[in-house]
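Q: model the following, please.
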Amino acid sequence: MRAVIQRVKAAKVTVLDELVSSIGPGLCVLVGIKASDTAKDVEYLVRKILALRLFEEEGKRWQKSVKDLNLELLCVSQFTLYHRLKGNKPDFSAAMKGEDAQELYNHFLDRLGQSYDSSKIKDGKFGAYMQVHIENDGPVTINLESPEQKDTDREVDK
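A: Residues are numbered from 1 along each chain as shown. Predicted coordinates:
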């Protein structure tokens, strides 16, 4: 599971020029799910995202997390994070497909809400053609990926 995390002053998602979600200061998190991802990958990303110290305190950088400061998160599903190039054309066969991806993504959102404050967790519209508007703060961008699990670990998850 992969996340591209951006510290923002504000962010919003629109679909067909209609506002879906918006946040003030916090994090915009683009989330990619690969075919072999499980609930263990969700747990890893949730823990890391909420603990990342990307905000300053009293002029000192990298001191506080989104959770420490009670800020919002805007999460956007983005299967294109799991691509590979075939010549000049992207191939997304490594990404988890449709309903399974939506189920794991919803589990990710639920776990964020359970581990933090569900009213602070916003998201786009799964599977829709979205416009994501972000006002970067810094800019600060962090890439996260859940560690590869051994096949024996994956069998336990099923």
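
Q: drop to CA atoms for contacts and neighbour counts, all remaining ones
A: Will do.

Q: report the longest helix in the chain, please.
A: Using DSSP state H to define each element, the chain has its longest helix at helix 98-115.

Q: give the buried residues for that one.
A: For helix 98-115, the buried set under the neighbour-count rule, 16 or more other C-alpha atoms under 10 Å, comprises Ala101, Gln102, Leu104, Tyr105, His107, Phe108, Leu109, Arg111, Leu112, Gly113.

Q: got those residues as a markdown table, with distance to Gly87 and pLDDT columns?
A: Written out in a markdown table, the entries for the buried residues of helix 98-115 read as follows (distance: C-alpha to C-alpha, whole Å; pLDDT from 0 to 100):
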| residue | distance to Gly87 | pLDDT |
| --- | --- | --- |
| Ala101 | 26 | 97 |
| Gln102 | 29 | 97 |
| Leu104 | 30 | 98 |
| Tyr105 | 30 | 98 |
| His107 | 35 | 98 |
| Phe108 | 33 | 98 |
| Leu109 | 35 | 98 |
| Arg111 | 38 | 98 |
| Leu112 | 37 | 98 |
| Gly113 | 40 | 97 |
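
Q: and which of those residues is nearest Lys120?
A: Checking those against Lys120 by C-alpha to C-alpha gives Gly113 as the nearest, at 7.7 Å.

Q: picking that back up, I'd like the next helix or strand past the longest helix of the chain.
A: Per DSSP states H and E, the first helix or strand lying C-terminal to helix 98-115 is strand 121-123.

Q: in its sheet, which strands sit next to that following strand, and in what direction?
A: Sheet pairing of strand 121-123 (DSSP bridges) gives strand 72-77 (parallel).

Q: which residues are contacting the partner strand?
A: With contact meaning C-alpha atoms under 8 Å, 6 or more residues apart in numbering, strand 72-77 is reached by 11-12, 21-32, 66, 105, 109, 120-127.

Q: that older thread, helices or strands next to the longest helix of the chain in the packing?
A: Using 3 or more C-alpha pairs under 8 Å, 6 or more residues apart in numbering; DSSP states H and E, the elements in contact with helix 98-115 are helix 39-51, strand 121-123.
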